[in-house]
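Enquirer: no sequence for this one, just the structure:
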């Protein structure tokens, strides 16, 4: 797998009106807070500090856009679930994310991150329902496989088999780099990048 030569932050949007108009195909990364989105994004592009990694869940409160090699845009969506934020803020995130997902012509793929220690839960299933209804292609990226026990891996495999709707699944580790080549292959297939 050839790593990108350039990956750079271009914009952050707190409202749908602030979403930038970029000419490249987009890949959005979605998942619950603390699932490892920033770490996965950094591992994919080979830049340790492109996306901010925080120990506090819910730090990404906007939609963040990164341009990759002037050919592709990675979109970091706000996390859901675990973040301790006021309910009005959480509803605002939901409206922002849904507004983006519904109206984005450049969107080619959503990578839905699933924590290996939790598996696919109700919130992921609800998002999959929504994305399926909207006709948005999805890949499941199971994160933190290097930190999982055999029992956690087995539980996650069962939940993905039962509720993953036959979607492509990539088992990843941002620390060890496993799954990055396969994820890039799926992204390039979908985006022609």
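Expert: Structure received. Quantities reported herein were computed from a predicted structural model and do not represent experimental measurements.
Enquirer: Please make it C-alpha for all contacts and neighbour counts, starting now.
Expert: Will do.
Enquirer: Quick one: list the elements packing against the host helix or strand of residue 142.
Expert: Assessed by DSSP states H and E, residue 142 sits inside strand 138-143. Counting contacts by 3 or more C-alpha pairs under 8 Å, 6 or more residues apart in numbering; DSSP states H and E, strand 138-143 packs against strand 107-115, strand 169-171.
Enquirer: if you compare those, which one is most tucked away?
Expert: Mean neighbour count, computed with mean count of other C-alpha atoms under 10 Å, is highest for strand 107-115 among those, reaching a mean of 23.
Enquirer: report the angle between the axes of that one and strand 138-143?
Expert: 30 degrees (axes from the mean of the first three to the mean of the last three C-alpha atoms, to 10 degrees).
Enquirer: Give me the contact list for strand 107-115.
Expert: 25-32, 35-37, 101, 120, 124, 136-144, 187, 190-191 (C-alpha atoms under 8 Å, 6 or more residues apart in numbering).
Enquirer: Check which strands are paired with that strand and give the direction for each one.
Expert: Neighbouring strands of strand 107-115 in its sheet, by DSSP bridges, are strand 26-30 (parallel), strand 138-143 (parallel).
Enquirer: quick revisit: for the helices and strands packed on strand 138-143, please prepare CSV with the additional fields mean pLDDT and distance to residue 131.
Expert: Listed next are these as CSV, based on pLDDT from 0 to 100; distance: least, C-alpha to C-alpha, whole Å:
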stretch, mean pLDDT, distance to residue 131
strand 107-115, 97, 9
strand 169-171, 97, 16
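Enquirer: now those strands in TSV, with distance to residue 18?
Expert: Compiled in TSV, the helices and strands packed on strand 138-143 are given as follows (distance: least, C-alpha to C-alpha, whole Å):
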stretch	distance to residue 18
strand 107-115	16
strand 169-171	32
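Enquirer: bridging residues for the residue nearest the centre of the chain?
Expert: For the chain, residue 29 is the residue whose C-alpha lies nearest the centre (C-alpha atoms, centre = their mean; 1.9 Å). With DSSP bridges as the criterion, residue 29 is bridged to residue 76, residue 111.
Enquirer: Roughly how far does it sit from residue 107?
Expert: Distance of residue 29 to residue 107, given as C-alpha to C-alpha, to the nearest Å: 11 Å.
Enquirer: what touches both of those two?
Expert: In contact with both residue 29 and residue 107: no residue, using C-alpha under 8 Å, 6+ apart.
Enquirer: returning to what we had before: just the buried residues of the contacts of strand 107-115.
Expert: When those are checked for burial by 16 or more other C-alpha atoms under 10 Å, the buried set is 25-32, 35-37, 101, 120, 124, 138-144, 187, 191.
Enquirer: which residues touch residue 173?
Expert: Applying C-alpha under 8 Å, 6+ apart to residue 173 gives the contacts 40, 143-146, 179.
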